[in-house]
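*Asks:* No letters, just coordinates:
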């Protein structure tokens, strides 16, 4: 969408900053707003840290002149074609901010929330001109991972959904249109199920964080990166595919292997997880780990292109 040129990013934490980096990589003019002065310094550090990754992935250099900071939320959105909201995942706070944005933004400005799982119909309930509101849920690091879940609320217009779909595709993103809203959307529902099981296993003393991460990265995670869950299981059924898979392993779904509810995240469990991940990191800084992750993901994306189904 060529007409979406001016973008305002509300909230410049990890996700907001990730969006800014992707927008800048595609030569968009970005206005950043965050009530915390410290976030400006964080954004500057990330611009410096990710420079080589962005150039490697997109073969483009970021023009820092396309980024301005605003200390006033009304001024920040006054000329926006699209607003990307990234405030903390609390329903009442998001509703309040989205209502503010809808009052100050131009009437045709698209308001997109990066919410990880709040229902868009609830978020747009107090919004002026709610038909322009959508969920555009990305994945960290936003400047590398292509997936964005676009979710409509009960009042969102089809035209806005189509415009958003084209806009994010032009940012080299894989848009996943979720036409029926559900809490947690799609990817996070799957992530949370795995996360809950991991917490139970650690809480009950069966394994460490390192054990569980290796159980994924050296096993199913390698298959998932190419084929996901269902196509992987289709292959597990041999020549008869998924039919045999369901006949053979379907009964196992009734076995008590999993726990649907999360354990109590008490101090003891928190300490186990924090200690475990600290040991795993081998005292490498977050910056070094992030750079390692970014380089790996870029190589993985290129590998996926080679083996695209």
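*Replies:* The structure has been received and is ready for your questions. Since the model is a prediction, treat every value here as computed from it, not as a measurement. Numbering: from 1, shown residues only.
*Asks:* quick check: domain ranges of the chain?
*Replies:* 6-178, 188-306 (automatic domain parsing).
*Asks:* Out of the ones you listed, which one sits most buried?
*Replies:* Sort the domains of the chain by mean neighbour count, taking mean count of other Cβ atoms under 10 Å, and domain 6-178 sits at the top with a mean of 18. Using the backbone N, CA and C atoms, a C-beta is placed for each residue, glycine as well.
*Asks:* I'd like the mean pLDDT over that one, please.
*Replies:* The pLDDT scores in domain 6-178 average 96.
*Asks:* so who does residue 178 touch?
*Replies:* 135, 149-152, 185-186 (Cβ atoms under 8 Å, 6 or more residues apart in numbering).
*Asks:* Go through those residues and name the one nearest residue 274.
*Replies:* Closest to residue 274 out of the contacts of residue 178 is residue 185 (27.8 Å), distances taken as Cβ to Cβ.
*Asks:* For that closest one, grab the count of nearby residues.
*Replies:* By other Cβ atoms under 10 Å, 22 other residues sit near residue 185.
*Asks:* before we move on, what SS does it have?
*Replies:* coil (DSSP: H, G, I helix; E, B strand; the rest coil).
*Asks:* So what's the predicted local confidence for it?
*Replies:* 97.
*Asks:* Grab the nearest non-local neighbour of it.
*Replies:* Sequence neighbours aside, residue 149 is the residue nearest to residue 185 in space, at 4.9 Å (criterion: Cβ to Cβ, 6 or more residues apart in numbering).
*Asks:* Which elements pack onto the helix or strand containing that neighbour?
*Replies:* Using DSSP states H and E, residue 149 sits within strand 147-152. Using 3 or more Cβ pairs under 8 Å, 6 or more residues apart in numbering; DSSP states H and E, the elements in contact with strand 147-152 are strand 133-137, helix 158-169, strand 174-178.
*Asks:* outside of it, which residues touch it?
*Replies:* 120, 134-139, 161, 164-165, 168, 173-179, 181, 185-187.
*Asks:* Looking at the contacts of residue 178, which one is closest to residue 29?
*Replies:* residue 150 (22.2 Å).
*Asks:* what's across from the closest one in the sheet?
*Replies:* Beta-bridge pairing for residue 150 (DSSP bridges): residue 136, residue 177.
*Asks:* Greatest separation within the contacts of residue 178: which pair is it?
*Replies:* 152 and 186 (13.8 Å).
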